[in-house]
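In: sequence below, structure please.
(chains A, B and C, ligands or ions: 2)
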Amino acid sequence: MGLWTLLKSGLVLDIYFFKNNRAQLVSMFAWPYILLALMLGMGFLFGSAETFKSNVGVEADPVVFFVASTLIAMASLSVMWEVGGTVLYHRWIGTLPYVLIAPYRTSITLVMSYIPRYLLWSFMQLSEFVPVLIWREGLVGGLADTLVMGLAIVIGMLPLLGFAAIFGSFLLTIKEETNVLSWLNPIILILSGAFYPAYLFPIWARFLSMLLPTTYTFELARLSSLVGAPKLAEMTFLIAVLLGMSFLYNALSFTLMGKAEKRALKSGAV
Amino acid sequence: MKEEVVAAENLRKSYETYLRRGLFNRERKVVEALKGVSFRIYRGEVFGLLGPNGAGKTTTVKILSTLLLPDSGVATVLGYDVVKEAVEVRRRIGVSLTVEKGFFWKLTGRENLMYFGMLYGMDGAELKQRVQKMLELVGLEELGSSDKLYEEYSLGMKARLSIARALLTDPELLILDEPTLGLDPPSARLLRELLIKVAHQEGKTVLITTHNMFEAEIMCDRLAIINEGTIVAMDTVEGLKKLVSDEITLEMLVVLPARVSLKQLREEISEVVSSRVEVDPMEEGTRIRVVMRPLEKEQATQEMLRRLHSMGCSVRRIEVKEPTLEDVFIELTGGN
Amino acid sequence: MWVKVKAVIWLHTLRLWRYGMSFINMILSQVLWILLFIMGVLLFVPPEHLTVALRMAYWTIAAWSVISSFSSLVGGWTSFFILMGMVEEHLLRNTSPFTTIIGRVLTGTTVSFAIMIAMGYAFSWIFGRVLMTVERPPLILMAFALLIVESLSYALSISATSMRTSISEQFLEILNFGIIGLLIIPVSVLPEYARLIYLAIPYVAPTYMIKVSVGGESPILMREAALISVIESILMAFIALRLIRSVEEHIRRKGVRAVGFW
Ligand SMILES: Nc1ncnc2c1ncn2[C@@H]1O[C@H](COP(=O)(O)OP(=O)(O)OP(=O)(O)O)[C@@H](O)[C@H]1O
Ligand SMILES: [Mg+2]
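Out: Ligands and ions are numbered 1, 2, ... in the order given. Here you go, the predicted structure:
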């Protein structure tokens, strides 16, 4: 009952926001394409698809590869900002105290009011790429790719919610107002191999990337870019890892957020 | 002959706005903020502009401080036209538009004053001294806040800094839009005393806008009440009160000695004042109620007390009921 | 007049210092985002072309960082400036608010050059290539100066217009980012007839000069590029000044509160 209200309130808030902010709406749709176009444009200017395949080490279509990468990067950033960053946001606009004294646990409030929005926007961005996917892989292949990416969007969200909430609780305890996420986010994306597969990294970086849930989400989404290889085994493996991580990170975030809240209220960091 | 510092003649100003309802529905609307406002302010005077929200106070203030052009009408400040000779006007006035905006957050109060001082062309030791003096004058120095970042200031400190900036160049005319908004009583009092001193002792002229009746009453030599873009009354506080009601009610509670009857009492008092006298016995004593004209107030009251005394009555309580400025305000602006 | 200039310089230096942490934050994050992006591009590049590609990318992005820093630090700052009630406070002191806004050149230049240097070191360290060498130092200084004039004029025009109408900053951001794609194109890949047209696009000519001065492109169109960028800079500055004038008029007529941008 209560959770449902939270879900709904998140969506309503969002619709209001975009109603008054149509520019934001347009930019939401334009960004992924611009990023993709720039990356591919520069890539083909300085090199070729052949080099790409040999660098990546698998038979993959670069366009589909980067569609998947862009999509997951956008979705992950959104989670990091909205769940991890809301603390900052509420602190800036002065509503943090009200969030903290709301009747639900802060982590639940943050997460529940956010999920519908995440799904809405991620799937809208996915659907704007469907024509590209069909162009690359034909109708059946394109739709199969869409399905894989959609799956990655949904399953990848689960561990990331907990992961981002852990960041949120960290931000809650420090009294800092500067925007640490603005440089933490690209680091996380770089380490999880957003545009440059993590398995090409030096060993220490690869170790760090193994701990990040996003690494597996990128891998999962990019399975769609492989040309004609059997994917089911890998897919099951990645999904299993992501689900395991969901459990781990969410449990961790739940305890950490509770502690952080208490500490924040005590130290006046709100 | 009193010297005119501000002369506003038939100022008019309309704003064009759009009412927004829903996504695409925009409705053009013209708001007449000033509908022909005229007044004069003389040297050494504290002049108050009093009016409800949206009456046009800020609009008037902005026109006088050259920030807004009137649609028609003329205003001069210290003999300079606010439209044509804006540069000269700006050199000679000190303005505070809002108490909590218009400063850089990451600069201290002192640094902010230094910056704005430099924009006036002040510099070096002269500027430093002047800034220091202003900080002391408004009490920021005493609060130990001169060198705190502006973002750490409380509302009262911000207001003080705003006044300090207005006074920085030692201007001949101060224009202050709601200077005491949000101040605690001691700060507000300090500020009021400061402004009165500046006007009455140093011969500066002060124009303030306010909602605060108490403040208007004790500070302003003259007041204009503005409502919906028109000045509905302009006078001294006393004069304004007379507009609403020409009567003062005096109520006394006295204890009569046994030998004095109510009738005797009434006759005795009626000799003193021209109008009606009511005498009613109450539980704790006898209540006398007299309605007087303002002119008779002092003499009549003294005479009455003298007579009561000689009759052997003891006075328990005296209460004078005059119309307050608030009564005037509400009556004139049609507030409910 | 001199005191006013001094005041503005003093103000911006002090603020740069006080906001130090946020600027460092901003520089760091910009460099990291660029790194993330470049890594994707490099997947396409064969090892033997890596140095050339990196150099081109580096200097193009360096030019872009000037453009984007100015548009956010000068253009974007304007809305803050208005919100803070600063327009009135400056007018009251017979000072154009744009004096102070133009003063942000100081901030913009500092930040964009810091980004450039940090990025140069980061790339050199990660990819093991030398990127920050210049063949013709006077030329590159001139090119950057022209680029700064153009970016500043653009930023001022935007902030002037945003005081009158409502242009959303989001569009500007996208536009800004898209410009990289435009700037990176080497003149040599274009057909003859399109080259001059390409150079005539704002920012392109100075960027071409930068690329030439680091040996990234052949100097065949140097003279044309220099001429175009000088004329363009003057023109853009002129437009910016006209817009500023008209906005100052507008503000006095309609009041700053009528300055609607949301
Ligand atoms: N820039 C503007 N654009 C449109 N309308 C405006 C503008 N400034 C003021 N108004 C309108 O003009 C009228 C007078 O406003 P003004 O700010 O002068 O009132 P005020 O007496 O200062 O009120 P308050 O006591 O609330 O400060 C109001 O109806 C207001 O909505
Ligand atoms: Mg007002």
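In: and B:Ala55, that one's in a helix?
Out: No - under the criterion used here (DSSP: H, G, I helix; E, B strand; the rest coil), B:Ala55 is coil, not part of a helix.
In: which other residues reach stretch B:64-73?
Out: Here stretch B:64-73 makes contact (C-beta atoms under 8 Å, 6 or more residues apart in numbering or on different chains) with B:6, B:8-14, B:34, B:36-38, B:59, B:62-63, B:75, B:77, B:82-83, B:86, B:89-90, B:93, B:95, B:97, B:175, B:207, C:88, C:91-92, C:252-253, C:255-256. Where you see a C-beta, it was placed from the backbone N, CA and C, and this is true even at glycine.
In: can you turn the buried part of those into a ChimeraX selection?
Out: What follows is the ChimeraX syntax for the buried subset of the contacts of stretch B:64-73, where burial is set by 16 or more other C-beta atoms under 10 Å in any protein chain shown:
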select /B:6,8,11,12,13,34,37,59,62,63,75,77,82,83,86,89,90,93,95,97,175,207 /C:88,91,92,252,255,256
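In: out of the contacts of stretch B:64-73, which sit inside helices?
Out: B:59, B:62-63, B:86, B:89-90, C:88, C:91, C:252-253 (DSSP state H).
In: of these, which is the nearest to A:Pro131?
Out: C:Arg253 (49.3 Å; C-beta to C-beta).
In: and what about the nearest residue to that closest one once chain neighbours are set aside, helix, strand or coil?
Out: Computed as C-beta to C-beta, 6 or more residues apart in numbering or on different chains, the closest residue to C:Arg253 that is not its neighbour in sequence is B:Leu69, at 5.2 Å. Secondary structure, three-state DSSP: B:Leu69 is coil.
In: and B:Leu69, how many neighbours?
Out: B:Leu69 has 17 neighbouring residues, counting by other C-beta atoms under 10 Å in any protein chain shown.
In: picking up where we left off before, tabulate the ones in helices among the contacts of stretch B:64-73 (TSV), appending pLDDT and distance to ligand 2.
Out: Formatted as TSV, these follow (pLDDT from 0 to 100; distance: C-beta to the ion, whole Å):
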residue	pLDDT	distance to ligand 2
B:Thr59	92	8
B:Lys62	92	9
B:Ile63	93	13
B:Ala86	90	21
B:Val89	93	20
B:Arg90	93	20
C:Glu88	88	13
C:Leu91	90	18
C:Arg252	79	18
C:Arg253	80	19
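In: what's the spacing between C:Ile210 and B:Thr180?
Out: 57 Å (C-beta to C-beta, to the nearest Å).
In: can you list the weak-confidence ranges in the chain?
Out: Assuming you mean chain A. A:1-3, A:6-7, A:9-11, A:13-24, A:91-110, A:175-178, A:228-230, A:267-270 (pLDDT under 70).
In: wait, chain B
Out: Checking chain B against pLDDT under 70 turns up B:1, B:20-26, B:335-336.
In: where along the stretch 51-200 of chain C do the helices fall?
Out: Here the stretch 51-200 of chain C has its helices, by DSSP state H, counting those that start in this stretch, at C:76-83, C:86-91, C:97-102, C:105-127, C:137-162, C:169-184, C:192-200.
In: what do you get for chain A?
Out: A:2-19, A:22-46, A:49-56, A:62-79, A:86-93, A:96-100, A:106-112, A:115-173, A:181-191, A:203-211, A:213-222, A:232-267.
In: okay, those in CSV with mean neighbour count and distance to chain B next?
Out: Shown next, in CSV, are the helices of chain A (neighbours: other C-beta atoms under 10 Å in any protein chain shown; distance: least, C-beta to the nearest C-beta, whole Å):
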stretch, mean neighbour count, distance to chain B
helix A:2-19, 14, 7
helix A:22-46, 17, 9
helix A:49-56, 17, 45
helix A:62-79, 24, 25
helix A:86-93, 18, 13
helix A:96-100, 16, 17
helix A:106-112, 22, 26
helix A:115-173, 20, 19
helix A:181-191, 21, 19
helix A:203-211, 13, 36
helix A:213-222, 26, 35
helix A:232-267, 16, 18
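In: in JSON lines: those helices, plus distance to chain C.
Out: Converted to JSON lines, the helices of chain A look like this (distance: least, C-beta to the nearest C-beta, whole Å):
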{"stretch": "helix A:2-19", "distance to chain C": "12"}
{"stretch": "helix A:22-46", "distance to chain C": "3"}
{"stretch": "helix A:49-56", "distance to chain C": "5"}
{"stretch": "helix A:62-79", "distance to chain C": "7"}
{"stretch": "helix A:86-93", "distance to chain C": "12"}
{"stretch": "helix A:96-100", "distance to chain C": "20"}
{"stretch": "helix A:106-112", "distance to chain C": "23"}
{"stretch": "helix A:115-173", "distance to chain C": "14"}
{"stretch": "helix A:181-191", "distance to chain C": "4"}
{"stretch": "helix A:203-211", "distance to chain C": "11"}
{"stretch": "helix A:213-222", "distance to chain C": "12"}
{"stretch": "helix A:232-267", "distance to chain C": "20"}
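In: ok so B:Leu305 is a strand residue?
Out: No - counting by three-state DSSP, B:Leu305 is not part of a strand but helix.
In: ok, it touching B:Val315?
Out: Yes - applying C-beta atoms under 8 Å, one finds B:Leu305 in contact with B:Val315, separated by 6.9 Å.
In: of the contacts of stretch B:64-73, list those near ligand 1.
Out: Residues of the contacts of stretch B:64-73 in contact with ligand 1 (C-beta under 6 Å from any ligand atom): B:59, C:255.
In: okay then, goodbye and thanks.
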